[in-house]
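Participant: sequence and predicted structure are below.
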2 protein chains.
Amino acid sequence: MLESFEKAEKISKSDYTDELNRLRTELINAQYEFKKYKRPMILILTGLDGAGKGDLVNFMADIMDTRLLETSTFWQETDEEKERPYYYRFWNAMPQGGKLSIYFNGWYDKTIRRALEDGDSPDAFTKGLEEAADLEKMLSLDGTVIVKVWAHISKKEQKKRHEKLVKKSDKSEEISKRALWYFSKYDRIVECAEAAYKATHNEFAPWEVIDCTDRRTREIRFLQVILNHMNRALKGQMPKSRTENLTGLAFPNVLGSLKQNSETDPKVYRNELDGLVEDLKPLAWEAFRKGLSTMIVFEGWDAAGKGGAIRRLLRAFDMRLSKVTSIAAPSSEELSRHYLWRFWRQVPRAGRIAIFDRSWYGRVLVERLEKITPPADWFRGYSEINSFEKHLSDKGVHLVKFFLHITDEEQLARFKERQEIPWKQHKITDEDWRNREKNGEYLDAYNEMFFKTSTKHAPWTIVPANDKRGARIEILKQLKTSFTKMLNK
Amino acid sequence: MLESFEKAEKISKSDYTDELNRLRTELINAQYEFKKYKRPMILILTGLDGAGKGDLVNFMADIMDTRLLETSTFWQETDEEKERPYYYRFWNAMPQGGKLSIYFNGWYDKTIRRALEDGDSPDAFTKGLEEAADLEKMLSLDGTVIVKVWAHISKKEQKKRHEKLVKKSDKSEEISKRALWYFSKYDRIVECAEAAYKATHNEFAPWEVIDCTDRRTREIRFLQVILNHMNRALKGQMPKSRTENLTGLAFPNVLGSLKQNSETDPKVYRNELDGLVEDLKPLAWEAFRKGLSTMIVFEGWDAAGKGGAIRRLLRAFDMRLSKVTSIAAPSSEELSRHYLWRFWRQVPRAGRIAIFDRSWYGRVLVERLEKITPPADWFRGYSEINSFEKHLSDKGVHLVKFFLHITDEEQLARFKERQEIPWKQHKITDEDWRNREKNGEYLDAYNEMFFKTSTKHAPWTIVPANDKRGARIEILKQLKTSFTKMLNK
């Protein structure tokens, strides 16, 4: 199929100059317009060895405003990256809104390489493509412009360039050997590329094949591709989420039927807590030695006791191993990218524990109820979150999600207490009172969240928390069980 | 000397409760005030093993608003960190303005540890302390509040705790062994700490010694220390730069006496350029294999041809090895920290090349002339920059600084050309014309910059650039020489 793109067209020098000058001006203008569009653009540039991808990037940098341009390469894995899911590096490199980033080889490179080198099963290859398509759709529906360029040359042309390359010895041995090996795999690579094309060429992230035989032709085509796809966003032609019928569906009222516990005796509490803390300490260090990382999510009603529970946890989890992230309103840096960006960046290193005081679930909770995010967008959140958690769990990250439940009366009592104690007053604002008025809506949102995001690899644990002490004990117990299970796997 | 702090005072339970409640409220209020202060606060918490530093941090997290609080540990070096100067990790962890970060063990730990473990020479130890004092002064004059806490216990007390610890086996072997070894070094550690205290206890970053024998006493003291030092900033008691007598000094007019070259023939240029590009390629790969990293700075008049020169460089430096950073106005994230923060973050990994289109020299150029920064502050810039470059050069980073010089008439001609060519119009704004009116002041600033920041390890190379082609050739030649020299060292 890809050979149908081998046209080996040539363009005259004067046509080239005319078209180039037109494109120069239009691209610069488009860049400035795109800056105002405020979402990122990612161009994945991949293709055959020897096609001249590097030259294309340098050429482009010569034409466009480099202040709105970035290039990311992913060829050398750092130890920080190795310890996280494959897509961590790509999320991390996500350009700010309004900028174009060239992802050199992008996320297809490894998928194809592994099919070739490690003889990955066809299933693994297919799974890799599905994950790519899934991510691209997610980003595209969020307004990120994605285009994928396959830099193509014919087998004959590659052979010619190959011979020329062999004569030079300006690259490190590692690079040349790799290149030589790839040259020998032309047919298999093209086969994989065709499969990738078929599986992932869609409205969200289309493929563009550029025949790179002729320099002038490929340069013009490359600039045209960039311009056309920038224009997709500027002309309002980005794919949109369908607004699903969001209302009228009822979900099991999990919280309504939850039984609260009677108060735990302070002395019993202290003893049990101390015991659990001592039990958990060695488990955390063992997980560290084994390189098993953990993410712990705390969600719950205002004043449900998330902070207090987290501070008890920290007695068990050494500061060297754990980190708490409190999620507040996003910064402008964060707002200009997909909302999951800031959470991907918090995925812990091997053996570490990341604790979240509120989390990515804000998408389907506060953003939904405060109308910060349009319905069609937060509604996608459920599947986006499930996909994020699947990436984590596939990498072996141990995920624990706690929801702290208190009754309406208990919340009222705690709010009043906060108002009275000087050092608690900062914890209660008018906003909290306003939120309380929406408790009915929050109940619905919580129930929908449990229903849609309790998965086998990342189930919710709902903790009755009217009794603070009991809740803390329960959480530590759950973690002890969960860590023990993970360590014995 | 430190034993004079061993007072082993005790505090009654009721006094403790009263004082704690007072401190809770005051600390919370101070945190909110501090948020408005918009500069960061760093508390280095170090001291003797077994003193209970970890407990202190957890205790503090229980009292204060954790959303304005961070903890950074530096015990495990990542490969990314190993490849950069020692202070890279500390700059990287710099909290945003308005936040307090606890630097667990901070930058003293390694200095002391190395004196103990590797038997570092007294000179190396002294140098370590000087670097620390230098950094602290720099940050403090920039408004960062720094306080250093030494958590102390007597030798006898440590012995008691040591015996208790040995009975437990909840830590990883690595940790215990380390702790045991440190316990055996009490006297030497205290000796080093005293030296550190003497060398670095000053108005910029004072030491506070806390006797950690009694739990209640140390908790109260720790909170008091935090509150007192937050108040330093809130009450306007931060040390200030003395405004030096900045005017009236003349510096050698290096640029005025620079000869411009006659125009290079296009054909000669192309051949020479191609040759140099091919020569540089293998040098860059060799530097990569040897793990030698490079930072290349481009400064110069508006329209001097920095961008064009950089794009020629990129033909020689593979995209996988090099990265260009264009320096524009800082983001709010950047503004809330010391101005060098964003440049420290750009220090390249081993074997990589970082290219800067404008740089940290903006501090003594645009920030000076546009009055963005008060005189006393930009004036410190010269020594701050020299210190930054010294850190780089001590780590073996290869630093090359180019200044592209064009004459006033040449600049005028280029500005006019830019206005006429459609795809160059974005490069010329009213601001550029306004800047041109300040060319006299810029000349003075450039000459002062050359005089003060041309150092042995990081000299300036001034390139006559009226002839664009000649300038590009000159730059590539210089780099070829410079790379060759570095590789043969």
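Facilitator: It's in.
Participant: helices or strands next to the helix or strand hosting residue A:393 in the packing?
Facilitator: Per DSSP states H and E, residue A:393 falls inside helix A:375-394. When contacts are defined as 3 or more CB pairs under 8 Å, 6 or more residues apart in numbering or on different chains; DSSP states H and E, helix A:375-394 sits against helix A:122-141, helix A:366-369, strand A:398-405, helix A:439-453. Heads up, the C-betas are built off the backbone N, CA and C, glycines and all.
Participant: so which of the ones you listed is nearest chain B?
Facilitator: helix A:366-369 (15.3 Å; CB to the nearest CB).
Participant: so residue A:259, which of the three states?
Facilitator: Under DSSP: H, G, I helix; E, B strand; the rest coil, residue A:259 falls in the coil class.
Participant: so how far is residue B:199 from it?
Facilitator: 62 Å (CB to CB, to the nearest Å).
Participant: which residues touch the residue lying closest to residue A:9 once chain neighbours are set aside?
Facilitator: Nearest non-adjacent residue to residue A:9, counting by CB to CB, 6 or more residues apart in numbering or on different chains: residue A:217, 5.3 Å away. Listed by CB atoms under 8 Å, 6 or more residues apart in numbering or on different chains, the contact set of residue A:217 reads A:9, A:10, A:11, A:211.
Participant: quick one on the thing from earlier: of the helices and strands packed on helix A:375-394, which stretch is the most buried?
Facilitator: Highest mean neighbour count of the helices and strands packed on helix A:375-394: strand A:398-405, a mean of 22 (counted as mean count of other CB atoms under 10 Å in any protein chain shown).
Participant: mind checking how far that one is from the chain centre?
Facilitator: With CA atoms, centre = their mean, to the nearest Å as the basis, strand A:398-405 stands 20 Å off its chain's centre.
Participant: now it against helix A:375-394, angle please.
Facilitator: Counting by axes from the mean of the first three to the mean of the last three CA atoms, to 10 degrees, strand A:398-405 lies at 130 degrees to helix A:375-394.
Participant: need the contact partners of strand A:398-405.
Facilitator: A:255, A:258, A:260, A:287, A:292-301, A:304-306, A:309, A:389, A:392-393, A:446, A:450, A:457-465, A:471, A:475, A:478-479, A:482-483, A:486.
Participant: next secondary structure after the helix or strand of chain A with the lowest mean pLDDT?
Facilitator: The helix or strand of chain A with the lowest confidence, counting by mean pLDDT, DSSP states H and E, is helix A:173-183 at a mean of 67. With elements assigned by DSSP H and E, the helix or strand that comes after helix A:173-183 is helix A:186-200.
Participant: can you verify my assumption that residue A:149 contacts residue A:51?
Facilitator: No: contact criterion CB atoms under 8 Å: residue A:149 and residue A:51 do not qualify, at 10.1 Å.
Participant: pLDDT score assigned to the residue of chain A most remote from its centre?
Facilitator: Distance from the C-alpha centroid of chain A, by CA atoms, centre = their mean, peaks at residue A:14 (45.2 Å). Looking at residue A:14, its pLDDT is 96.
Participant: and the one 4 residues further on, by the same measure?
Facilitator: Per-residue pLDDT puts residue A:18 at 96.
Participant: let me know the secondary structure of it.
Facilitator: Three-state call for residue A:18 (three-state DSSP): helix.
Participant: residue A:70 belongs to a strand, doesn't it?
Facilitator: Yes: Residue A:70 forms part of a strand when assessed by three-state DSSP.
Participant: which residues does the closest residue in space to it that isn't next to it in sequence contact?
Facilitator: Spatial nearest neighbour of residue A:70, chain neighbours left out: residue A:101 (4.2 Å); criterion: CB to CB, 6+ apart. Neighbouring residues of residue A:101 by CB under 8 Å, 6+ apart: A:40, A:41, A:42, A:43, A:69, A:70, A:71, A:72, A:93, A:94, A:95.
Participant: spell out which parts of the stretch 1-150 of chain A neighbour chain B.
Facilitator: Within the stretch 1-150 of chain A, the positions adjacent to chain B are A:21, A:24-25, A:28, A:32, A:54, A:57-58, A:61-63, A:65-67, A:71, A:73, A:75-76, A:78-80, A:104 by CB under 8 Å from any CB of the partner chain.
Participant: from residue A:411, how far off is residue A:432?
Facilitator: From residue A:432 to residue A:411 the distance is 9 Å (CB to CB).
Participant: overlap in contacts, those two.
Facilitator: Between them, residue A:432 and residue A:411 share the contacting residues A:302, A:303, judged by CB under 8 Å, 6+ apart.
Participant: between the two ends of stretch A:161-181, how far is it?
Facilitator: Start and end residues of stretch A:161-181 are separated by 14 Å (CA to CA, to the nearest Å).
Participant: stretch A:349-369 now?
Facilitator: 33 Å.
Participant: for the stretch 251-400 of chain A, which residues are neighbours of chain B?
Facilitator: A:278, A:281-282, A:285-286, A:288-289, A:307, A:311, A:314-315, A:318-320, A:323-324, A:326, A:328, A:331-333, A:349, A:357.
Participant: now the strands for chain A?
Facilitator: Along chain A, counting by DSSP state E, strands occupy A:41-47, A:69-73, A:100-104, A:145-152, A:207-211, A:294-300, A:322-326, A:353-357, A:398-405, A:460-464.
Participant: save those as a markdown table, and put in mean pLDDT and distance to residue B:142 too.
Facilitator: As requested, those are exported to a markdown table (pLDDT from 0 to 100; distance: least, CB to CB, whole Å):
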| stretch | mean pLDDT | distance to residue B:142 |
| --- | --- | --- |
| strand A:41-47 | 97 | 36 |
| strand A:69-73 | 92 | 29 |
| strand A:100-104 | 96 | 32 |
| strand A:145-152 | 96 | 39 |
| strand A:207-211 | 96 | 48 |
| strand A:294-300 | 98 | 35 |
| strand A:322-326 | 92 | 26 |
| strand A:353-357 | 97 | 30 |
| strand A:398-405 | 97 | 41 |
| strand A:460-464 | 97 | 45 |
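Participant: which one of those lies nearest to residue B:162?
Facilitator: The closest of the strands of chain A to residue B:162 is strand A:322-326. By CB to CB, the value is 25.0 Å.
Participant: now tell me what touches the closest one from outside.
Facilitator: Here strand A:322-326 makes contact (CB under 8 Å, 6+ apart) with A:284, A:310, A:313-314, A:346, A:348, A:352-358, B:61, B:66-67, B:71.
Participant: buried ones among the residues you listed?
Facilitator: Buried by 16 or more other CB atoms under 10 Å in any protein chain shown: A:284, A:310, A:313-314, A:348, A:352-358, B:61, B:66, B:71, out of these.
Participant: do you know the pLDDT at residue A:312?
Facilitator: On pLDDT, residue A:312 comes in at 92.
Participant: how about the helices in the stretch 201-350 of chain A?
Facilitator: Under the criterion DSSP state H, counting those that start in this stretch, the stretch 201-350 of chain A contains helices at A:215-234, A:266-290, A:306-316, A:332-335, A:341-344.
Participant: which of those helices comes out lowest on mean pLDDT?
Facilitator: In terms of average pLDDT, helix A:332-335 trails the rest of the helices of the stretch 201-350 of chain A, at a mean of 88.
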